[in-house]
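Chemist: starting from these lines, generate the structure:
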Amino acid sequence: MLLHDPLCIRRRDVLVPRPLGVHDRDRTGRADPQAVALRAEHRPVRPGEVAEAGRIVAESYVSLPGYPHDPTGYDLEIADVSARHEDTEVIVAELDGRLVGCLTYVADADSPFAEHGHPDVATFRYFGVDPSAQGAGVGRAMVQWVVDRARADGKSKLHIHTLESMVTAQTLYTRMGFAQDPAADADWDGITGLAYVLEL
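Modeler: The predicted structure follows:
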């Protein structure tokens, strides 16, 4: 982040998001999505945050209309950040001192969490934004973090799966340049995972 970034302040040589001000709000007084997203800090999850990060992911999934609940299986998996944060990069979004988003970035095709076998392809999984922060641009900023990171890692593609019930996520991916890849759709015991790919 540039030192002259107007959305940050300098504190002991560390750039931190400045408090949301009047210029960060629209005419109705609501927070402007772009301003909020740019102020969020994206960083690796800390050991003491895995439970909260998992709660955010699980709550964002199970609150979706039409989500195929699996309380003894997948619902537990998406919440179990501790099971994957040492073998992947679990990234959180922090805004105003609290976590508001979490995703798992997988760059290694040999990772047990990879959904592909191509060394030049990256993916991200278990992506959720706290329902209280949805619609503020946090999710888009997190996906952009992944895009930038995958490019920096020299990947040629970013490949993901999303559920049919995740309509908002599908719209986001399309707006960010992802294209559907029906040939790579997944079938998880009768549940369809829609494949999307972004050429980097």
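
Chemist: in this protein, which spans are strands?
Modeler: 8-11, 14-17, 41-44, 89-95, 98-106, 121-129, 157-163, 179-180, 186-188, 191-199 (DSSP state E).

Chemist: let's have the ones you listed in CSV, adding mean neighbour count, mean pLDDT and distance to Ser60.
Modeler: All C-beta spots, glycine's among them, are computed from the backbone N, C-alpha and C. Shown next, in CSV, are these (neighbours: other Cβ atoms under 10 Å; pLDDT from 0 to 100; distance: least, Cβ to Cβ, whole Å):
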stretch, mean neighbour count, mean pLDDT, distance to Ser60
strand 8-11, 12, 40, 27
strand 14-17, 14, 40, 22
strand 41-44, 14, 94, 17
strand 89-95, 21, 95, 12
strand 98-106, 23, 96, 9
strand 121-129, 24, 96, 3
strand 157-163, 21, 94, 12
strand 179-180, 13, 96, 22
strand 186-188, 10, 88, 18
strand 191-199, 17, 94, 17
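
Chemist: could you dump the ones you listed to CSV with distance to Leu172?
Modeler: What follows is those, written out as CSV (distance: least, Cβ to Cβ, whole Å):
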stretch, distance to Leu172
strand 8-11, 25
strand 14-17, 22
strand 41-44, 16
strand 89-95, 14
strand 98-106, 12
strand 121-129, 10
strand 157-163, 10
strand 179-180, 13
strand 186-188, 19
strand 191-199, 10
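
Chemist: between those strands, which one is nearest to Gln144?
Modeler: strand 41-44 (9.2 Å; Cβ to Cβ).

Chemist: can I get the CA coordinates of that closest one in CSV?
Modeler: C-alpha atoms of strand 41-44 as CSV (Å, rounded to 0.1, in the frame of the first residue of the first chain):
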residue,chain,number,x,y,z
GLU,A,41,-6.9,-5.0,6.1
HIS,A,42,-6.2,-8.3,4.4
ARG,A,43,-3.8,-10.6,6.3
PRO,A,44,-3.2,-14.2,7.4
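
Chemist: chain center to it, what's the gap?
Modeler: 11 Å (Cα atoms, centre = their mean, to the nearest Å).
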